[in-house]
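**Q** pasting the sequence and the predicted model now:
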Amino acid sequence: MKRKMAQASLDNLKKGVRFTPERAAIYGKTYHEKSVETKKRKRSVADFCAKLSQAKVTEPEIRAELAAFDIEDENMTVSAAIANKLRYKSIVEGDLGAIRTFTDLAEQGSIGEEPPLPNVDMALQTAKANYFDQIDPSFYMIAAKALNHGYTHFDVRGGRGSGKSSWASLTVIRILMEHPEVHALVLRKVAKTLRSSVYAQYRWAIEKLGVQDYWEEKKSPLELIYKPTGQKIMFRGVDDPTKIKSIKTSFGYIGITHFEEKDQFAGRAEIDSILQSTMRGGEKFWNFETYNPPRSRDNWANRDSLEKKENRIQHASSYLDLEHPEWLGEAFLEEAESLKQRDEKRYRHEYLGEPVGLGGNVFENLEERRITDEEMRHFDRICQGVDWGWFPDPYAFIRVHYDRARETIYILDELYGNRMSNEETARWIREHGYDQTETVCDSAEKKSIADYRSLGVNAKTAVKGPSSVEYGMKWLQNRTIVIDRERTPHAWEEFSNYQFDQNDRGEWISGYPDRNNHLIDAMRYAMEKISSKYRSQA
């Protein structure tokens, strides 16, 4: 019903007509049925034209003309005949249109090879026909608002599997294809995370809309180009805000912005500053802000979502709101239910998108208590990690046990200090009997890793990769961490005092500060293989 009403509402707004809900529902059903019929008809025609262009020519006169140009029998197709006709009209009749078409085809190397790309109208009709089939009905109402430019700003938040990123990418692509003067700018806080996250998400959306033949993928700079018009979806990081201000388009204007993982930005002021640079020179603008609500209720993004603002619509969802939960897969649903039984608070944050924490502490899951020797005798899932340092940054080694059943990490031992040579730290590891346990080390120090191996330490290189810090930290945040202050005083100091940064307004900012976190980084490396499973499901 939501879908029917949304589609009817969409058409009513275009026509300036206000329908009753009952009439809108009937109209929406009729529109959808006609849309499906039109979609099938257009696809049939398009398939027929594609096949016809490669069909063999049978007329003797045309075959003789093609043979004069050494066109072999298997290549005597309708496409080749059209190319020959364009040649004749260009040379004999001086037809300017034919000359331009012939020249364009020759430069593209496509004469006689394949039918030309269907026109922009057919591309748009394909996207429209597929759009509502690819978004969950829980997004139909906000979709209608976006397609009809009912608002400029769209604040969309939700837990894992809520469908928000899928909806945003599908909607941005359709709006761009409907407005040939508009370009889109997709932003994340850190540039190196773009390719494996939003860029991949948009490529998925293009395929789901059935228009992949109309889009070109460009890797440097990271862009998706709509071939019929040259419009672009540009992907940029905000590591250097000055680069955003320098973005120019050869025509039209940047009418769409999408801030993915909004909470990672440094506050409302940073986003508004970017919008002041991009929202220029056009008539209509759309700004999408999507994110998983941070754990802390005091995070600026959570506080911002509570404010009512003119020309902004908000949408909150979780996987429970989906009318098609089967799209997520059985494994996803089973994992969600399992977490709900094990840790309801964490389930509410991860899957329902609820800010369940207080204040600015990154680790609200610490348990400070004595770890007995008797307990340690039963620990068998041992992990070790190293974060290299000299001065002023210290060297940091950590040894932990992971209880998978209870999702609890026990910190067992540490080595922490300045101006410690590789020989000295390797000797300490051997003397404590830790040398045969795999030790995952920061990959930045290849020579130090080689030194450790030559000194008898079972050293491995951390894989890292895009978004490894973010995913590794989230994984640690969602496990209980038991720390014995007497055994590991430096670990207690780091974990208990590690806080999010604040902006100029005193609001907490998502993102993990890169200071006073050496044993924290060592633990991320130590748990890398285990946490990678979580990363694959995020």
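**A** Yes, it's here. Residues are numbered from 1 along each chain as shown.
**Q** only C-alpha atoms for contact and neighbour calcs from this point on.
**A** Will do.
**Q** how about the strands of the stretch 351-500 of the chain, start to end?
**A** Chain-ordered strands for the stretch 351-500 of the chain, with DSSP state E, counting those that start in this stretch as the definition, fall at 366-368, 382-387, 395-403, 408-417, 439-441, 459-461, 480-483.
**Q** what's next to the third one, contact-wise?
**A** Right, the one you point to is strand 395-403. Judged by Cα atoms under 8 Å, 6 or more residues apart in numbering, the contacts made with strand 395-403 from elsewhere in the structure are 379-389, 408-420, 518-519, 522-523, 526.
**Q** ok, 7 Å please
**A** 379, 381-389, 408-418, 518-519, 522-523 (Cα atoms under 7 Å, 6 or more residues apart in numbering).
**Q** tell me the first helix or strand C-terminal of the strand or helix carrying residue 207.
**A** With elements taken from DSSP states H and E, the one containing residue 207 is helix 200-208. As assigned by DSSP H and E, the chain's next helix or strand after helix 200-208 is strand 215-219.
**Q** specify the angle between the very next helix or strand once past that following strand and strand 215-219 in degrees.
**A** Note on strand 215-219: by DSSP H and E, the next helix or strand toward the C-terminus is strand 222-226. On the basis of axes from the mean of the first three to the mean of the last three Cα atoms, to 10 degrees, strand 222-226 is oriented at 160 degrees to strand 215-219.
**Q** surely residue 368 and residue 487 touch.
**A** No: proximity of residue 368 to residue 487 does not meet the contact threshold set by Cα atoms under 7 Å, at 11.1 Å.
**Q** what strand or helix carries residue 248?
**A** With DSSP H and E as the criterion, residue 248 is inside neither a helix nor a strand.
**Q** need the three-state assignment for residue 156.
**A** The three-state label given to residue 156 by DSSP: H, G, I helix; E, B strand; the rest coil is strand.
**Q** what's near enough to touch it?
**A** For residue 156, the set of contacting residues under the criterion of Cα under 7 Å, 6+ apart consists of 164, 289-291, 314-316.
**Q** what do you get if the cut-off is 8 Å, keeping everything else the same?
**A** Residues in contact with residue 156, defined by Cα under 8 Å, 6+ apart, are 164, 288-291, 314-316.
**Q** might one say that residue 442 is in contact with residue 448?
**A** No: if you go by Cα atoms under 8 Å, residue 442 and residue 448 don't touch, sitting 9.5 Å apart.
**Q** which non-adjacent residue is nearest residue 473?
**A** residue 524 (7.1 Å; Cα to Cα, 6 or more residues apart in numbering).
**Q** quick one: that neighbour is in a helix?
**A** Yes: with three-state DSSP as the criterion, residue 524 is part of a helix.
**Q** that one: neighbour count?
**A** For residue 524, the neighbour count with other Cα atoms under 10 Å is 30.
**Q** now it: how far from residue 517?
**A** Look at residue 524 and residue 517: by Cα to Cα, to the nearest Å, they are 10 Å apart.
**Q** specify the local secondary structure of residue 349.
**A** helix.
**Q** so who does it touch?
**A** Under the contact definition (Cα under 8 Å, 6+ apart), the residues listed for residue 349 are 159, 293, 295, 355-356.
**Q** recalculate using a threshold of 6 Å.
**A** Residues touching residue 349, when contacts are defined by Cα atoms under 6 Å, 6 or more residues apart in numbering, comprise residue 355.
**Q** could you report the pLDDT at residue 405?
**A** As predicted, residue 405 sits at a pLDDT of 89.
**Q** phi and psi next, for it.
**A** Here the main-chain torsion angles of residue 405 (degrees, to the nearest 10) amount to phi -60, psi -40.
**Q** report the separation between it and residue 347.
**A** Computed as Cα to Cα, the residue 405 to residue 347 distance reads 16 Å.
**Q** show me which of these two is the more surrounded one.
**A** Using other Cα under 10 Å as the criterion, residue 405 and residue 347 rank with residue 347 on top: 23 against 7.
**Q** what's that one in contact with, if anything?
**A** 339-340.
**Q** again, only using 10 Å
**A** For residue 347, the set of contacting residues under the criterion of Cα atoms under 10 Å, 6 or more residues apart in numbering consists of 159-160, 335-341, 353-354, 356, 478.
**Q** and for residue 306?
**A** Under the criterion of Cα under 10 Å, 6+ apart, the contact partners of residue 306 comprise residue 314.
**Q** so what's it scoring on pLDDT?
**A** Here, the pLDDT recorded for residue 306 equals 82.
**Q** roughly how far apart are it and residue 313?
**A** As defined by Cα to Cα, residue 306 lies at a distance of 11 Å from residue 313.
**Q** just give me the neighbour total for residue 196.
**A** Burial of residue 196 is recorded as 12 neighbouring residues (other Cα under 10 Å).
**Q** now for the strand or helix carrying residue 275, which elements pack on it?
**A** In this structure, residue 275 is located in helix 268-278 according to DSSP H and E. Counting by 3 or more Cα pairs under 10 Å, 6 or more residues apart in numbering; DSSP states H and E, the packing neighbours recorded for helix 268-278 are strand 182-188, helix 241-245, strand 253-260, helix 300-306.
**Q** which elements pack onto the strand or helix carrying residue 140?
**A** Element membership of residue 140, judged by DSSP H and E, is helix 140-147. Using 3+ Cα pairs under 10 Å, 6+ apart as the contact test, the elements touching helix 140-147 are helix 2-15, helix 120-134, strand 153-158, helix 164-178, strand 286-291, strand 312-317.
**Q** next, the buried residues of the last one.
**A** Read it as strand 312-317. Of the residues in strand 312-317, those scored as buried under the neighbour-count criterion (16 or more other Cα atoms under 10 Å) are 313-317.
**Q** again with the second one
**A** Neighbour-count burial for helix 120-134, counted by 16+ other Cα under 10 Å, picks out 120, 122-132.
**Q** what's the lowest-pLDDT member of those?
**A** Checked by pLDDT, these have residue 120 as the lowest-scoring entry (80).
**Q** against residue 254, how distant is it?
**A** When distance is defined by Cα to Cα, residue 120 is 20 Å away from residue 254.
**Q** one more: residue 159?
**A** For residue 159, the distance to residue 254 (Cα to Cα) stands at 29 Å.
**Q** and these two? Which one has more around it.
**A** Neighbours per residue, other Cα under 10 Å: of residue 159 and residue 254, the larger number sits with residue 254, 27 against 24.
**Q** just checking, which helix or strand of the protein averages the lowest pLDDT?
**A** Sorted by mean pLDDT, DSSP states H and E, the helices and strands of the chain end with helix 2-15, the least confident at a mean of 50.
**Q** quick check, residue 355 in contact with residue 300.
**A** No: using Cα atoms under 10 Å, residue 355 and residue 300 do not qualify as a contacting pair, with a distance of 11.6 Å.
**Q** returning to what we had before: list the contacts of the residue nearest to residue 473.
**A** Residue 524 is in contact with 384-387, 398, 440-442, 462, 464, 468-469, 471-473, 475-476, 518, 530-531, counting by Cα under 10 Å, 6+ apart.
**Q** rewinding a little: avg pLDDT for the helix holding residue 275?
**A** Averaging the model's pLDDT scores along helix 268-278 yields 92.
**Q** could you check the angle it makes with strand 253-260?
**A** Relative orientation of helix 268-278 versus strand 253-260 (the same axes, to 10 degrees): 160 degrees.
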